[in-house]
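Q: Output the structure for:
(one chain, ligands or ions: 2)
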Amino acid sequence: MSTPDTQTQGTTDGAPAWPGQDPGSHAADPRATAFAAAHPVRPVPATGPVDTSPAALTPAAADLDSLWKAVVQETRARGNDFHLPISLAYAERLCRAYPEADAELVRVTIVLHDTGWAHVDEARILSEGFTGDWRKAAIRYEHEAEGCKVARRVLPGLGYSAAFIERVCEIIDGHDTRHVAYSIEDALVRDADRLWRFDHAGIALASSWFGMTPDVYTDRLATEIIPELITDAAVQMGTADLARSNALLKTGVIR
Ligand SMILES: [Fe+2]
Ligand SMILES: [Fe+2]
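A: Numbers count the residues shown, from 1 in each chain. Ligands and ions are numbered 1, 2, ... in the order given. Okay, the predicted model is just below:
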């Protein structure tokens, strides 16, 4: 997961300031400025249908099953076998809400984005990845770089072009550590990477990572993660999921 699950501080332009990062470092990148200029309204309004029903009602399509088979080992790390398929289901909905995006790019990238966790020192995932100034923890950069290696290893054999693979890696590289999106596809991957945790399965897993009770975690989803979502479809989906999860888990009472 990408994990912007902890403290963020709003800036005057409404963008979250990520502790420990120079807020201007990537914002000045031409890709970031082009995306920002093309999408002045935030959260970005949907141009297609927005489905806010439970994600379990629309599991991901089967056409990427050969890709899943290629990364079974990587799904066994750090809850990826929950995080990745659930995030793909959300990503597919986001692609329907933003039909102008390259859906194949979004879908392949979300499947692979966290596979790098399987190739870093597992003991450091919790010790560095979820504590202190975790957003610039070295292990976060490492899991992004390792994820690009996985993409470059498995995608050629599945028929993906070199140009497509580079676009996948462009999104994987920085998905946790860069705070601005470079394209609509990048934005949809980022939002799908956050939306899975609004489902009760995501709440169960992610709250345990952060050592939080469900009521504390769901409060943080509302106050910290909803404002980070880039697209309006994601805001609608996350808001609907959070209401259902709060009711299901009785977080208003058990606190
Ligand atoms: Fe992720
Ligand atoms: Fe990640």
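
Q: Could you report the neighbour count for the residue in the stretch 151-255 of the chain that ligand 1 sits nearest to?
A: Per CB to the ion, Asp193 is where the stretch 151-255 of the chain lies closest to ligand 1, at 4.3 Å. Every residue, glycine included, has its C-beta placed from N, CA and C. Asp193 has 24 neighbours, counted by other CB atoms under 10 Å.

Q: cool, Tyr141 as well?
A: Close neighbours of Tyr141, defined as other CB under 10 Å, add up to 16.

Q: which stretches of this structure form helices?
A: All helices of the chain, identified by DSSP state H, fall at 30-38, 65-70, 72-75, 80-97, 103-112, 122-129, 138-154, 162-172, 184-195, 200-209, 214-220, 232-249.

Q: Now do the last one against helix 200-209: the angle between them, please.
A: Orientation note: helix 232-249 sits at an angle of 80 degrees relative to helix 200-209 (axes from the mean of the first three to the mean of the last three CA atoms, to 10 degrees).

Q: Repeat that for the fourth one.
A: With the same axes, to 10 degrees applied, the angle from helix 80-97 to helix 200-209 works out at 130 degrees.

Q: helices or strands up against helix 80-97?
A: Using 3 or more CB pairs under 8 Å, 6 or more residues apart in numbering; DSSP states H and E as the contact test, the elements touching helix 80-97 are helix 72-75, helix 103-112, helix 184-195, helix 200-209, helix 232-249.

Q: I'd like the ones you listed written out as CSV, with mean pLDDT and distance to ligand 2 added.
A: Shown next, in CSV, are the helices and strands packed on helix 80-97 (pLDDT from 0 to 100; distance: least, CB to the ion, whole Å):
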stretch, mean pLDDT, distance to ligand 2
helix 72-75, 98, 12
helix 103-112, 98, 11
helix 184-195, 98, 7
helix 200-209, 96, 12
helix 232-249, 98, 17
